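Enquirer: Turn this into a model:
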Amino acid sequence: MTTEKLVVKGKMCPMPVAFTKRKLESMAAGQLLEVVGEGELEFDNIQRWAKNNGHDVVQASKSGVEFRILIRKH
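Expert: Numbers count the residues shown, from 1 in each chain. Down below sits the predicted model:
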């Protein structure tokens, strides 16, 4: 399976979570989504939403202002 990528840079809450939700809804179970964005609040909210909705946060990292979150769809 390929990893899908979603870039949410420049988007303010709640849009990064909404875009992540919409993208995951279009994907197959087990597929990976890499979310790339900016902001501490967005970084935390995307991970919280994913976990609360049964998805696995495989990896989450920050480098400067940019973050990357790898989510496996449940």
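
Enquirer: and the gap between Gln59 and Lys51?
Expert: 13 Å (CB to CB, to the nearest Å). Placement of C-beta: from N, CA and C, glycine included.

Enquirer: oh sorry, the question was meant for Glu4
Expert: Distance from Glu4 to Lys51, by CB to CB: 19 Å.

Enquirer: So these two - more neighbours on which side?
Expert: Neighbours of Glu4 and Lys51, each counted by other CB atoms under 10 Å, are more numerous for Glu4; the result is 16 against 12.

Enquirer: got a pLDDT number for the closest residue in space to Pro16 that isn't next to it in sequence?
Expert: Counting by CB to CB, 6 or more residues apart in numbering, Pro16 lies nearest to Val8, which is 4.0 Å off, once chain neighbours are set aside. Note for Val8: predicted pLDDT of 98.

Enquirer: wait, isn't Val8 in contact with Val36?
Expert: Yes. If you go by CB atoms under 8 Å, Val8 and Val36 touch, sitting 7.1 Å apart.

Enquirer: more crowded one of those two?
Expert: Counted by other CB under 10 Å, Val8 and Val36 do not tie: Val8 has more neighbours, with 22 against 13.
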